[in-house]
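> below are the sequence and a predicted model for it; my questions follow.
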Amino acid sequence: MAFQVALSQKVPWIPSTGASAEGETECRVEPPMAILGVEGIYDFPLIVKTVPPEVKDKYVKLTRGAFGKDEEVWLEVSPAQYSEAAYMRNWGGGRHLVIVAHSWDDELVDWEQVRAITKVFSESVEGDRIKFEVLELKGKHHEVWEKGHELARAIAEAIRRLKIMSNAEPRRNSGVRVMKVIG
């Protein structure tokens with residue numbers, strides 16, 4: 001979802017309930033400075049293709065349950081289907097950080113998802129506005145979430161990298177307050 005927020009900054013979010021055509025206002029979500037993807041699915045058509053045949057029906061059912069039967073929609077909601085240029089065009093000004101944290105031992109989401117999103121950010125466009133990194137985690141899919149040590153490590157690393165990035169380049173006053181992390 002964070003990738004969708006980054007991609008949608010040039011598209012106004014209009015409330016769909018309780019507003020008349022005259023009274024509608026644009027709602028924008030403040031763009032995140034960083035995205036931390038943990039054990040994520042970044043390409044829905046790809047995951048359906050790469051899972052073992054014995055569980056393919058479960059993944060198709062999961063994806064259809066979330067996004068419907070139209071596979072064109074699956075493409076539209078897949079962050080790995082967009083170019084780095086699209087992210088840069090839509091995310092807004094300034095520098096941004098993307099960290100994808102994933103375990104080789106994840107038995108539910110294969111490493112092809114990491115490869116797919118890495119490919120998006122592998123060719124630098126217009127300098128280094130988006131810094132991309134992969135952080136290798138340890139443990140099975142649910143262990144990362146349930147035990148929490150690897151998740152905490154990923155969050156701490158994202159904060160550390162964001163702090164380094166924020167200190168490396170002064171930010172213009174964009175109306176966004178940057179909190180200094182002490183530690």
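Looks like it came in fine. Numbering: from 1, shown residues only.
> alpha carbons only for contacts and neighbour counts from here, please
OK.
> identify each buried residue in the longest helix along the chain, please.
If you go by DSSP state H, the chain has its longest helix at helix 149-168. Neighbour counts over helix 149-168 (16 or more other C-alpha atoms under 10 Å) mark 150, 151, 154, 155, 157, 158, 159, 161, 162, 163, 166 as buried.
> check stretch 30-48 too.
Buried residues in stretch 30-48 (16+ other C-alpha under 10 Å): 31, 33-48.
> pretty sure residue 105 is in a strand, no?
No. Per DSSP: H, G, I helix; E, B strand; the rest coil, residue 105 lies outside any strand segment and is coil.
> give the closest residue to it in space, chain neighbours not counted.
Spatial nearest neighbour of residue 105, excluding adjacent residues (C-alpha to C-alpha, 6 or more residues apart in numbering): residue 140 at 5.1 Å.
> among the buried residues of stretch 30-48, which lie within strands?
If you go by DSSP state E, these have 34, 35, 36, 37, 38 in strands.
> let's verify the residue nearest to the second one when sequence neighbours are not counted: helix, strand, or coil?
The spatially closest residue to residue 35, leaving aside those adjacent along the chain, is residue 98, at 4.8 Å (C-alpha to C-alpha, 6+ apart). For residue 98, the secondary-structure state derived from three-state DSSP is strand.
> rewinding a little: for the longest helix of the chain, packing partners?
Contacts defined by 3 or more C-alpha pairs under 8 Å, 6 or more residues apart in numbering; DSSP states H and E place helix 149-168 against strand 34-38, strand 96-103, strand 130-137, helix 141-147.
> from the chain's centroid, how far away is it?
Computed by C-alpha atoms, centre = their mean, to the nearest Å, the separation of helix 149-168 from the middle of its chain amounts to 15 Å.
> what does stretch 49-60 give?
On the basis of C-alpha atoms, centre = their mean, stretch 49-60 sits 23 Å off its chain's mean C-alpha point.
> residues in contact with residue 3?
35, 79 (C-alpha atoms under 8 Å, 6 or more residues apart in numbering).
> what comes up buried for the helix or strand containing it?
Using DSSP states H and E, residue 3 sits within helix 2-7. Using 16+ other C-alpha under 10 Å as the burial criterion, the residues of helix 2-7 that qualify are 3, 5, 6, 7.
> and that helix, average pLDDT?
Across helix 2-7, pLDDT averages out at 84.
> again, but for stretch 109-123
93.
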